[in-house]
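Student: Predicted coordinates and the sequence they were generated for:
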Amino acid sequence: MGPGRRWSLKILIMGLLVAGGMTWAYAQSDPVLYSLRRTPLFDGKFGKLAEAQAAISAALVRCGKPSIVADGTFGNRTAQAVKKLVACPEIRPHIPPDSSAHQGVVTQSLWKALLPNSAVPSVEERSQTLVLTYEATDYDRLEWNFCQNKPLWSPQNPSMPCFTNDPRSYITWGPRGATAGHGREVQWILWRVDQHDASIVNTAFGPDASALRQLIALNDSSARSLLCSVYADEQRRNSWTRAFQKFGTSPLVRSMYDRHYLSRASDGAKMATFYRLYDKLGIRPTEIDYAFFLDRATHSSPPSDLDNAARKIQGWLEERRVTRTPNNVRRAIAAKFPTANQTKDRLGRDVTFFIDAVGEAELTQEERQAWIHRGQLSAANVGLSDEREAPALNPGLSTTGPSFNESLDPAPPCPQSVLNPRKPPSH
């Protein structure tokens, strides 16, 4: 076959991929980093996407074109900006002619042209992008979990019903949903930051820094009482919300946040369990597996009995007469190990990690509905592939941390309607 025919065939294949609505993860020689399928990706205002957007915006201005906002959301606006940018004389020579950057995708060549001194987003960082897209929050956001019903309870109306669907969390902070209740992730992260640089806590929380440090060591009951007393005081509640907003802008805080979740004291232990499960199954985790483990660890726990889990997975594979490949194992895990309190949501997220291999037409009705409900994302949207092995998992060792056993006596005042939530009457 001559060069002309080979090039025509390549164009034909590319056209078929576009017509079929497929992403560009495997179609190009220029690796995909971020691509838009249907639902915009969200990487947070401090993430790699925001970094790329800032560079895209600056390059567009140099090219005489309108700038864009670096908000960490990769939707149609950013995709269109990339298309315009690759036509600019400054950028065009750096982009291969067959690169999907011409279709609005952030690729490796585009990243290197725009940000030659910044590392290309890692598998870990792009996996976090999928988690952040689903969680729709950021490092500078705090939510109070007391009295979530509407009309909301307030200090001015303490007799109103106060109800929460998450009574053991008290507060939720940041991209991985750190709580100050049963999991105590908030206390762990605060402690880690305070050990490294106490001035960050002092600057963010000001006069409440001492109360925050007190929270770090409290047992669950006293932590609940303290946070309840802050919640019941509207002025103080707003002050704490603003303090966490300021706290989350610190690079050290974000680093300690991520380090905690990848440690054996948190989700790093869950991910290590998945690695051991794959070892029992005799397969090596891939990039997509890494993202799958990370997303699963965010809201659920891996199977505790790995021998039994391996048997269940193998049984599912044999029943469907499919091979023991990573994508089929992920699908088996989704089927055999649902999350009880969020079954549809979890399944919709799980499909994200096998849709590229299975194809939309081959999904079951339940899988398809759940996936559509959760936005129809795929691992290919962030350039992850089963053709490459997962990065090595090195969760940090659990360190000696807070005692979590101190108590407040007497407990801070908090209305009984908040301490003893009840459902509002149905109409």
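Tutor: Structure received.

Student: quick one: average confidence on stretch 339-357?
Tutor: Mean per-residue pLDDT for stretch 339-357: 94.

Student: what does stretch 196-207 give?
Tutor: Throughout stretch 196-207, pLDDT has a mean value of 97.

Student: And for stretch 154-161?
Tutor: In the prediction, stretch 154-161 has an average pLDDT of 79.

Student: What is the end-to-end distance of it?
Tutor: In stretch 154-161, first residue to last residue: 10 Å (CA to CA, to the nearest Å).

Student: Any regions of the protein where pLDDT drops low?
Tutor: Where the chain drops to pLDDT under 70, the residues are 1-28, 397-399, 424-427.

Student: Would you map out the domains in it?
Tutor: According to automatic domain parsing, the chain comprises the domains 22-121, 139-262+405-419, 267-382.

Student: Pipe those into CSV and attach distance to residue 392 and mean neighbour count per row.
Tutor: C-betas here are computed from N, CA, C, even on glycine. Formatted as CSV, the domains of the chain follow (distance: least, CB to CB, whole Å; neighbours: other CB atoms under 10 Å):
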stretch, distance to residue 392, mean neighbour count
domain 22-121, 17, 18
domain 139-262+405-419, 12, 18
domain 267-382, 9, 18
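
Student: could those domains go into CSV alongside distance to residue 128?
Tutor: Listed next are the domains of the chain as CSV, based on distance: least, CB to CB, whole Å:
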stretch, distance to residue 128
domain 22-121, 7
domain 139-262+405-419, 7
domain 267-382, 7
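
Student: of all the ones you listed, which lies closest to residue 393?
Tutor: Ranking these by proximity to residue 393 (CB to CB) places domain 267-382 first, at 5.6 Å.

Student: Quick one: end-to-end length of the closest one, please.
Tutor: First-to-last distance for domain 267-382 - CA to CA - comes to 21 Å.

Student: again with stretch 314-328
Tutor: Terminal residues of stretch 314-328 lie 10 Å apart, using CA to CA.

Student: Relative to the whole chain's centre, how far out is it?
Tutor: From the chain centre to the centre of stretch 314-328 is a distance of 28 Å (CA atoms, centre = their mean, to the nearest Å).

Student: next one: stretch 307-325
Tutor: Worked out by CA atoms, centre = their mean, stretch 307-325 lies 28 Å from the chain centre.

Student: cool, and stretch 150-167?
Tutor: With CA atoms, centre = their mean as the basis, stretch 150-167 stands 30 Å off its chain's centre.

Student: I'd like to know which elements the one helix or strand residue 293 maps to is packed against.
Tutor: In the assignment (DSSP states H and E), residue 293 maps to helix 287-299. Judged by 3 or more CB pairs under 8 Å, 6 or more residues apart in numbering; DSSP states H and E, helix 287-299 is in contact with helix 123-135, helix 267-281, helix 326-336, helix 343-351.

Student: re the thing from before, out of the domains of the chain, which comes closest to residue 131?
Tutor: Nearest of those to residue 131, taken as CB to CB: domain 267-382 at 5.5 Å.

Student: re the thing from before, wait, which of the domains of the chain is closest to residue 127?
Tutor: Relative to residue 127, the nearest member of the domains of the chain by CB to CB is domain 267-382, separated by 3.7 Å.

Student: chain center to that closest one, what's the gap?
Tutor: On CA atoms, centre = their mean, the centre of domain 267-382 falls 16 Å from that of its chain.

Student: re earlier: can you state the direction angle for the helix holding residue 293 and helix 267-281?
Tutor: Helix 287-299 and helix 267-281 are oriented at 130 degrees to each other (axes from the mean of the first three to the mean of the last three CA atoms, to 10 degrees).

Student: Select, out of the domains of the chain, the one closest to residue 130.
Tutor: Nearest of the domains of the chain to residue 130, taken as CB to CB: domain 267-382 at 5.8 Å.

Student: Distance check, the nearest residue to residue 182 once chain neighbours are set aside against residue 366.
Tutor: Leaving aside its sequence neighbours, residue 182 sits nearest to residue 168 (CB to CB, 6 or more residues apart in numbering; 4.4 Å). Computed with CB to CB, to the nearest Å, the distance linking residue 168 and residue 366 is 29 Å.

Student: Residues contacting stretch 124-135, please?
Tutor: Contacts to stretch 124-135, defined as CB atoms under 8 Å, 6 or more residues apart in numbering, come from residues 33-34, 39-44, 47-49, 121, 138, 175-177, 258, 290-291, 294-295, 298, 349, 352, 374-375, 377, 379, 381-384, 391.

Student: can you rerun that using 6 Å?
Tutor: 41-44, 48, 175, 290-291, 294-295, 298, 349, 382 (CB atoms under 6 Å, 6 or more residues apart in numbering).
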